[in-house]
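> heads up, no residue letters with this:
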């Protein structure tokens, strides 16, 4: 029986105060929100790591599986980098303790939107160290590129200096973090079978905002057909608003507050009105009546906030909203397909699995897409945040694993229950994927520890997170 060869995790949002994997300070009597306590792991992270260790301990070979961090692992949009880094240290202590490492030393990091800046620093490093140092003075310089090639072995991934420098301080362990973006593919020896990892933020139209804006201004222009063209048009917007702005001092705190207040329409309207007043008061135009300025400013803020409010993670009606369904189809049939053809000698593998995250709503389905042979297994591994005041059973998280034969299985660790007073569904292997790996994992997961310990920890943590979100919504902006 084949061993687990790859473990895919995404949307841990380490450092975010609404992440189930971030420890919070004890609640105080003054009603103020709790904050991240990054120096200790919480019970959910401890249980999560124990489940990972149990799952992988059943491998029969000596080779450890490769960890793929598939985006939004470090929270760089709504947490300071030092906080995110410290919570990541707690994860490393639980999974990569010297002599007890769960994973192989080479770890692949495929950034998403909340940690997009990791790709930005990596690609600049790639351009400077990997390209400029090999050129001669006075020669034509190529522009920096915006993606890596899809398949391992076709290129040298870019070292992640942030995480590599971070773990050097962890005595005795030497993980090597390599950055890939935005798609990472692994192939069978004959090339017929392929698994592709992608964070998935480009399935939402808001992350393609600059492309849409440019097409509106210049309707006759040709839209991007390739993933590197799409990234080239939108990377600055994604990096600025979703991976940098939230860390901009006191203003970053206000941005985080905007995210929280999206849960209450009353609080959101009050916040927008308050912001508009402050902007008009500070930046008033002498020749424009303040009433007119206030009306225009409010309208613009409403437009921006509305676009944020309609993000996929806030759509509770199904595993994908109509916008995301359309965006996923376009991404797979256009951008992904063209990269497969470019990086795989114009051949589309006959057996293909696509694994993504971003939406925080896990699912496993066989789907048909134009340009591909037969059905494609599409898997979403969910996310670890509590970002709504009402329970949303469609939200949850999974571990997605791939074996030596590129069979894929999804271990659903939790979904939110219909009520916070109910225990979440017990961890289980998805029945939607029927293969030898799925059948093997069913015998590993039981109703006992560590699986039951994780469920109890989540049951305890979710109401605390929900109460903390309510306290943050009440904060003044």
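Received it, and whenever you're ready, just let me know what you need. Everything numeric here is computed off the predicted structure, so don't read it as measured data.
> show me where the stretch 201-350 of the chain has strands.
Assigned by DSSP state E, counting those that start in this stretch, the stretch 201-350 of the chain shows no strands.
> so where is it shaky, pLDDT-wise?
Residues of the stretch 201-350 of the chain that meet the criterion pLDDT under 70 lie in 244-314.
> repeat that for 90
Applying pLDDT under 90 to the stretch 201-350 of the chain flags residues 205-206, 209-210, 212-223, 237-318.
> biggest helix in this protein, by residue count?
Taking DSSP state H as the criterion, the chain has its longest helix at helix 451-473.
> list the buried residues in it.
451, 453-459, 461-462, 464-469, 471-473 (16 or more other C-beta atoms under 10 Å). For glycine as for every other residue, the C-beta is placed from the backbone atoms N, C-alpha and C.
> now stretch 86-94
Result for stretch 86-94 [16+ other C-beta under 10 Å]: buried residues 86, 87, 88, 89, 90, 91, 92, 94.
> just stretch 227-238 next, same as before
Going by neighbour count (16+ other C-beta under 10 Å), the buried part of stretch 227-238 is 227, 228, 229, 230, 231, 232, 233, 234, 235, 237, 238.
> now render those residues as TSV, adding distance to residue 204.
Shown next, in TSV, are the buried residues of stretch 227-238 (distance: C-beta to C-beta, whole Å):
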residue	distance to residue 204
227	15
228	19
229	18
230	13
231	14
232	18
233	15
234	11
235	15
237	12
238	11
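> ok, residue 86 to residue 15 distance?
8 Å (C-beta to C-beta, to the nearest Å).
> shared neighbours, the two?
Shared contacts of residue 86 and residue 15 (C-beta atoms under 8 Å, 6 or more residues apart in numbering): residue 38.
> domain boundaries for the protein, per the record?
As recorded under automatic domain parsing, the domains making up the chain are 4-243+316-473, 251-307.
> what ranges does the stretch 201-350 of the chain have for its helices?
Remark: helices assigned in the stretch 201-350 of the chain by DSSP state H, counting those that start in this stretch are 209-217, 227-243, 249-261, 265-282, 290-309, 322-330, 337-343.
> mind listing what's buried along the last one?
Counting neighbours by 16+ other C-beta under 10 Å, one finds that the buried residues in helix 337-343 are 337, 338, 339, 340, 343.
> so which of those comes closest to residue 174?
Set against residue 174, the nearest of these by C-beta to C-beta is residue 343 (29.6 Å).
> pretty sure the closest one is in contact with residue 148, am I right?
No: using C-beta atoms under 8 Å, residue 343 makes no contact with residue 148, being 9.7 Å away.
> quick one, helices of the stretch 1-150 of the chain?
Assigned by DSSP H, counting those that start in this stretch, the stretch 1-150 of the chain shows helices spanning 43-57, 81-95, 116-125.
> can I get those in CSV including distance to residue 391 and mean pLDDT?
CSV is the format used below for the helices of the stretch 1-150 of the chain (distance: least, C-beta to C-beta, whole Å; pLDDT from 0 to 100):
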stretch, distance to residue 391, mean pLDDT
helix 43-57, 17, 97
helix 81-95, 25, 96
helix 116-125, 30, 92
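> check what pLDDT residue 33 gets.
We note a pLDDT of 89 for residue 33 in this prediction.
> kindly report the same for residue 127.
On the pLDDT scale, residue 127 gets 89.
> which residue packs closest to residue 94, ignoring adjacent ones?
Counting by C-beta to C-beta, 6 or more residues apart in numbering, residue 49 is the residue found nearest to residue 94 once chain neighbours are left out, at 3.7 Å.
> ok so, going back, tabulate the helices of the stretch 1-150 of the chain (TSV), appending distance to residue 171.
TSV is the format used below for the helices of the stretch 1-150 of the chain (distance: least, C-beta to C-beta, whole Å):
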stretch	distance to residue 171
helix 43-57	19
helix 81-95	11
helix 116-125	24
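> which one, of those helices, ends up nearest to residue 382?
Closest to residue 382 of these is helix 43-57 (C-beta to C-beta; 12.6 Å).
> got the contact list for residue 416?
Contacts of residue 416 by C-beta under 8 Å, 6+ apart are 391, 392, 393, 394, 395, 396, 424, 462.
> should've said residue 418
In this structure, residue 418 makes contact with 391, 393, judged by C-beta under 8 Å, 6+ apart.
> and it, how close does it get to residue 321?
Distance of residue 418 to residue 321, computed by C-beta to C-beta: 21 Å.
> same question for residue 452.
33 Å.
> for residue 425, same thing?
In terms of C-beta to C-beta, residue 425 sits 23 Å off from residue 321.
> looking at these two, which is more packed in?
Between residue 425 and residue 321, counted using other C-beta atoms under 10 Å, residue 321 has the larger neighbour count: 20 against 15.
> apart from its chain neighbours, what residue comes closest to that one?
That would be residue 315: by C-beta to C-beta, 6+ apart, it lies 4.2 Å from residue 321.
> repeat that for residue 396.
Using C-beta to C-beta, 6+ apart, the closest residue to residue 396 is residue 415 (3.5 Å).
> for the one you found, what are its contacts?
With C-beta under 8 Å, 6+ apart, residue 415 has these contacts: 362, 393, 394, 395, 396, 424, 425.
> could you redo the last one with a cut-off of 10 Å?
By C-beta atoms under 10 Å, 6 or more residues apart in numbering, residue 415 lies in contact with 361-362, 382, 391-398, 424-425, 458.
> go through these and flag which are in strands.
Among the contacts of residue 415, the members falling in strands are 396, 397, 398 (criterion: DSSP state E).
> isn't residue 113 right up against residue 204?
Yes: with contact defined as C-beta atoms under 10 Å, residue 113 reaches residue 204; the gap is 8.8 Å.
> can you flag the buried ones in the contacts of residue 415?
Buried subset of the contacts of residue 415 (neighbour count, 16+ other C-beta under 10 Å): 361, 362, 382, 391, 392, 394, 395, 396, 397, 398, 424, 458.
> just flag the most distant two among those.
Across these, the longest distance by C-beta to C-beta is 18.2 Å; it joins 391 and 398.
> which residues are common contacts for residue 343 and residue 148?
Joint contacts of residue 343 and residue 148 (C-beta under 10 Å, 6+ apart) are 154, 155, 183.
> which of these has the most neighbours?
Ranking the shared contacts of residue 343 and residue 148 using other C-beta under 10 Å puts residue 183 first, with 24 neighbours.
> quick one: the residue lying closest to residue 436 once chain neighbours are set aside from residue 331, how far?
Nearest non-adjacent residue to residue 436, counting by C-beta to C-beta, 6+ apart: residue 407, 5.9 Å away. As judged by C-beta to C-beta, residue 407 and residue 331 stand 24 Å apart.
> ok, residue 188 next?
Distance of residue 188 to residue 331, given as C-beta to C-beta: 23 Å.
> what's the answer for residue 170, then?
36 Å.
> same deal with residue 394?
Residue 394 is 21 Å from residue 331, by C-beta to C-beta.
> alright, that wraps it up for me.
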